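Participant: model the following, please.
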Amino acid sequence: MALEEEIRAVEEEISRTKYNKATEGHIGRLKAKLARLREEVQKRASSKSGGEGFSVKKSGDASVVLVGFPSVGKSTLLNSLTGTESAVAAYEFTTLDVVPGAMEYKGATIQILDVPGIVKGAASGRGRGKEVLAVIRNADLALILLDVFQLVHHDVLIGELNDAGIRVNSRPPDVTIRKKPRGGVSINSTVDMGLDEDTIKTVLGEYRIHNANVVIRENINIDQLIDVILGNRKYIPAVVVINKIDLADKYTLKECRERFPDALLISADKKVHIEELKELIYNKLGFIRIYLKPQGKSADMEEPLIIRDGSTIGDVCDRLHRDFRNRFRYAQIWGTSAKHEGQRAGLDHMLYDHDILTIILRR
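Facilitator: Here you go, the predicted model:
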């Protein structure tokens, strides 16, 4: 049986099986098998395409990838956000490669990537899907662009991303699995589990894990358990943007707002709400501003260094010069992250918005 046929057979069996405690272990085994088969399909698609994806060098302070079906308006949006001339036409598959652009906003340089449109079956390699999904995996933010008249595409896009191991607007489950040479599977949990131990052991067994210590610190489902076992899932933030509102009537717009209350409605062609979109992208990326202060001098409060929330002094050293980390002696911090003004800190110190930073290097 071909892999695609085997996948369909497993999917059909899952859909036919009513979920309850009695069938939980069986469904868990089927879902684990399904995930394993999809991994095999993706590996074959990658080998046929000759690699993992388009060659795209990340630049700027963060990268955003435009995700959507063909002809949803990604190229027009790229032009509106950055001024980059990406080919625009009224037919599908205009963009056949990755077109990068740079958006300057509030001192940050944000790379915007226009990739070929995703089609159903992209996770299996259809329509250069493998290459496109590889670019998405490496981005800092996915902008899911929908046609105002094709809202149904949202579920298809999320499905393709999920099948490719990309999880949007979620985080890795707080679960640890440590394999051991013998002793069977031991399960410890700090919360009331939704899954019973037999189901967990069944899913682990599908991946030939028969000896392991499992620690569960949050209530998870079968799919999340499989994600932890595979260990290759990519978790990225995403925003939903609905395009072409200039062509829609008030009833269509009302439906958009009801179905996607958190989405931003725009017209890339007419440049409606483009500034609001820039602000949304900036905020979603979680930028903070750090002011550099040369030793013995005043801080430069006019041009802050833009970095991502959660960055450390070591990350700043890497941004400033490739040799700074090796020559680092200590840093001084003024601001919210400091316990006192001018606190000495090391490379692992996490910085907060509006901190003032002095880096002292060995000569």
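
Participant: look at the residue sitting nearest the centre point of the chain and report its pLDDT.
Facilitator: Nearest to the mean C-alpha position of the chain, counting by CA atoms, centre = their mean, stands residue 236 at 1.7 Å. Confidence at residue 236, expressed as pLDDT, is 95.

Participant: quick one: it and residue 287, what's the gap?
Facilitator: Plainly put, residue 236 is 16 Å away from residue 287 if you go by CB to CB, to the nearest Å. (C-beta placed from N, C-alpha, C; glycine too.)

Participant: next one: residue 24
Facilitator: Taking CB to CB, one finds residue 24 at 43 Å from residue 287.

Participant: between those two, who's got more neighbours?
Facilitator: Applying other CB atoms under 10 Å to residue 24 and residue 287 shows that residue 287 carries more neighbours, namely 22 against 17.

Participant: would you confirm that that one contacts residue 140?
Facilitator: No. Here residue 287 does not reach residue 140: they are 10.5 Å apart, not a contact under CB atoms under 8 Å.

Participant: assign a three-state SS to the residue of the chain most remote from its centre, would you?
Facilitator: Outermost residue of the chain with respect to the C-alpha centroid, by CA atoms, centre = their mean, is residue 296; its distance is 41.2 Å. Assigned with DSSP: H, G, I helix; E, B strand; the rest coil, residue 296 falls in the coil class.

Participant: state the pLDDT value of it.
Facilitator: According to the model, residue 296 scores 90 on pLDDT.

Participant: ditto for residue 346
Facilitator: In this model, residue 346 is scored at 96, pLDDT.

Participant: check residue 28 too.
Facilitator: With respect to pLDDT, residue 28 has a value of 87.

Participant: likewise the one 10 residues further on?
Facilitator: pLDDT, residue 38: 80.

Participant: relative to residue 172, how far out is it?
Facilitator: 19 Å.

Participant: same question, residue 33
Facilitator: 22 Å.

Participant: look at those two and report which has more neighbours.
Facilitator: Looking at residue 33 and residue 172 with other CB under 10 Å, you find the greater number of neighbours at residue 33, namely 19 against 13.

Participant: give me phi/psi at that one?
Facilitator: Main-chain dihedrals, residue 33, degrees, to the nearest 10: phi -60, psi -40.

Participant: now do the same contact list for it.
Facilitator: 10, 206 (CB atoms under 8 Å, 6 or more residues apart in numbering).

Participant: same check, this time on the one 3 residues further on
Facilitator: Residues in contact with residue 36, defined by CB under 8 Å, 6+ apart, are 206, 207.

Participant: how far off centre is the lowest-mean-pLDDT helix or strand in the chain?
Facilitator: When the helices and strands of the chain are scored by mean pLDDT, DSSP states H and E, helix 24-49 comes last with a mean of 78. When C-alpha coordinates are averaged (CA atoms, centre = their mean, to the nearest Å), helix 24-49 and its chain have centres 21 Å apart.

Participant: the strand or helix carrying residue 203 versus helix 24-49: what angle between them?
Facilitator: Assigned by DSSP states H and E, residue 203 falls within helix 197-206. Taking axes from the mean of the first three to the mean of the last three CA atoms, to 10 degrees, helix 197-206 and helix 24-49 form an angle of 30 degrees between their directions.

Participant: excluding sequence neighbours, find me the nearest residue to residue 60.
Facilitator: residue 109 (3.8 Å; CB to CB, 6 or more residues apart in numbering).

Participant: just give me the neighbour total for that neighbour.
Facilitator: Around residue 109 there are 13 residues (other CB under 10 Å).

Participant: what bridges to it?
Facilitator: Beta-bridge partners of residue 109, counted by DSSP bridges, are residue 104.

Participant: for the stretch 51-200 of the chain, which segments are assigned as helices?
Facilitator: 74-82, 129-137, 153-163, 197-206 (DSSP state H, counting those that start in this stretch).

Participant: all good on my end, thank you.
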